[in-house]
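In: Quick one: sequence and predicted model below, then my questions.
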Amino acid sequence: DTEVTQTPKHLVMGMTNKKSLKCEQHMGHRAMYWYKQKAKKPPELMFVYSYEKLSINESVPSRFSPECPNSSLLNLHLHALQPEDSALYLCASSQDQVTDTQYFGPGTRLTVL
Amino acid sequence: QKEVEQNSGPLSVPEGAIASLNCTYSDRGSQSFFWYRQYSGKSPELIMSIYSNGDKEDGRFTAQLNKASQYVSLLIRDSQPSDSATYLCAVKGYSSYKLIFGSGTRLLVRP
């Protein structure tokens, strides 16, 4: 089973709202990722968690705050977003940070008004 | 120079034909190569991974890797309209956490 799940599927939020995106995998993977994808562009890496610790932050603005409560769960907390943050947010996981083959979840389509 | 380059397309082929998608990369240290398929509005889905020079076949899909020439390709035999999607080439270096994506090639299979 190579399933990564994400909730919600769609999210509309105002610039003053606080919301969270959730990601879950039960494949025993120890690396989890957040990507952002704008229309007609490839996914852009935001964060990498390895063994539940943040290992990579690709210079993402602080209005995005990741959290890894346990080895199966990954959250992305959103606060004071801008309209240009509207995008498809993708979670992915792999066996570990160096081992390849990242499996993507279905994504959350975020719209910031 | 972009790290991973793909022709944006669209590549248009008739149903039943072979679709050939190409990708070149700049980092000679790259070790792992992937093809993802992405339907409009959906997430990337892994089609193939390849690590060694040569061909790797899986059903209608064949990935080809040539490290000396720094290219990787994906052949889709007996193309179906349901294959119409954007195909993303992704490359990873040894001990690297980062998957470097090309900008994707849009494939259109005409019935």
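Out: Yep, that arrived.
In: contacts, neighbours, all on C-alpha from now
Out: Will do.
In: For residue B:78, give me phi and psi.
Out: phi 50, psi 50 (degrees, to the nearest 10).
In: So, low pLDDT: which residues of the chain?
Out: I went with chain A, as the question did not name one. Across chain A, the ranges flagged by pLDDT under 70 are A:1-2, A:98-99.
In: right idea, wrong chain: chain B
Out: Applying pLDDT under 70 to chain B flags residues B:1-2, B:95.
In: Residues of it that sit close to chain A?
Out: Proximity of chain B to chain A, by Cα under 8 Å from any Cα of the partner chain, involves residues B:32, B:34, B:42-46, B:49, B:88, B:92, B:94-98, B:101-104.
In: Among these, name the buried ones.
Out: The neighbour-count test (16 or more other Cα atoms under 10 Å in any protein chain shown) applied to the residues of chain B next to chain A identifies B:32, B:34, B:43-46, B:49, B:88, B:92, B:97-98, B:101-104 as buried.
In: Chain A: strands as residue ranges?
Out: Listed in chain order, the strands of chain A (DSSP state E) span A:4-7, A:10-13, A:18-25, A:31-37, A:44-50, A:53-57, A:64-70, A:73-79, A:87-94, A:103-104, A:108-112.
In: got it, and chain B?
Out: Using DSSP E, strands in chain B cover B:4-5, B:11-14, B:19-25, B:30-38, B:45-50, B:54-58, B:61-66, B:71-76, B:85-93, B:99-101, B:105-110.
In: Please consider this matter closed, and thank you.
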